[in-house]
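K.L.:
my questions concern the predicted model and sequence given below.
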Amino acid sequence: MHRTWIAFLAALAALAVQAAVVYKWTDSDGVVHYSDQPVPGAQKITTDGGSAAATQKPPVSQLPETPKDAPAGLGYTVFAVTAPTSEQTFFGDEVISARLTLEPGLKPNHTITWHLNGKELDDQPPTATQFTLPHLDRGTYAIAATLKDQETGESESSASVTFYVRQPSALSPQHKSP
């Protein structure tokens, strides 16, 4: 593992003059990987063009690096919002789907509460692992989910995923009607 880390630092040093994006993820065997190509569940790392040090953006949609034999508090080995993806941008009237990935699947007596920009979405059933968001105005949004065991009252929240909605401009020539 030390060789992987040293290789990563060497790659960052080589990119010291130019800003770059690197993706970090851990495979099922617990091996950490780095790449310039995005991989589902990877953490996006942005390097600073002025120094060799990496500036990490918070991992807003990263599958947890929890070993399979040490499940999270409620017993899920995977508990993450996987759609929309981190930093995804939607244009105009695109359909925005939300999806929660759970392994194992939703357990009996567990419920899901969805939050958009910190506000609870009341219109979703308590077992919905995926749904379509209503039309959203232009802006930056954060979505997260909370699991709750109805018997014990124990709860756990996912990492928040930030995404963007842009609307076409009436002033932009490519969006004018013929």
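P.N.:
Perfect, thanks for sending it. Because the structure is predicted, anything quoted here is derived from the model rather than measured.
K.L.:
from here on, just use CA atoms for contacts and neighbour counts.
P.N.:
Fine.
K.L.:
after the strand or helix carrying residue 141, next one along is what?
P.N.:
Using DSSP states H and E, the element containing residue 141 is strand 139-149. The helix or strand immediately downstream of strand 139-149 is strand 155-157, counting by DSSP H and E.
K.L.:
tell me the mean pLDDT over the strand holding residue 141?
P.N.:
With pLDDT averaged residue by residue, strand 139-149 scores 95.
K.L.:
what of stretch 74-85?
P.N.:
93.
K.L.:
buried residues in that stretch?
P.N.:
Neighbour-count burial for stretch 74-85, with 16 or more other C-alpha atoms under 10 Å as criterion, is recorded at 76, 77, 78, 79, 80, 81, 82, 83, 84, 85.
K.L.:
distance to residue 32 added to those residues, as a markdown table?
P.N.:
Converted to a markdown table, the buried residues of stretch 74-85 look like this (distance: C-alpha to C-alpha, whole Å):
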| residue | distance to residue 32 |
| --- | --- |
| 76 | 21 |
| 77 | 17 |
| 78 | 17 |
| 79 | 19 |
| 80 | 19 |
| 81 | 21 |
| 82 | 20 |
| 83 | 23 |
| 84 | 24 |
| 85 | 21 |
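K.L.:
mind listing which of the residues you listed are in strands?
P.N.:
78, 79, 80, 81, 82, 83 (DSSP state E).
K.L.:
helix, strand or coil: sort out residue 39 for me.
P.N.:
coil (DSSP: H, G, I helix; E, B strand; the rest coil).
K.L.:
domain parsing of this structure, as residue ranges.
P.N.:
Under the assignment automatic domain parsing, the domains of the chain span 2-56, 78-166.
K.L.:
lowest average pLDDT across these?
P.N.:
Lowest mean pLDDT within the domains of the chain: domain 2-56, a mean of 63.
K.L.:
which parts of this protein are helices?
P.N.:
Secondary structure of the chain by DSSP state H: the helices cover 2-14.
K.L.:
quick one: end-to-end length of stretch 27-37, please.
P.N.:
End-to-end distance of stretch 27-37: 15 Å, with C-alpha to C-alpha, to the nearest Å as the criterion.
K.L.:
give me the buried positions along that stretch.
P.N.:
Across stretch 27-37, burial judged by 16+ other C-alpha under 10 Å covers residue 34.
K.L.:
check stretch 126-134 too.
P.N.:
If you call a residue buried by 16+ other C-alpha under 10 Å, then stretch 126-134 has these buried ones: 129, 130.
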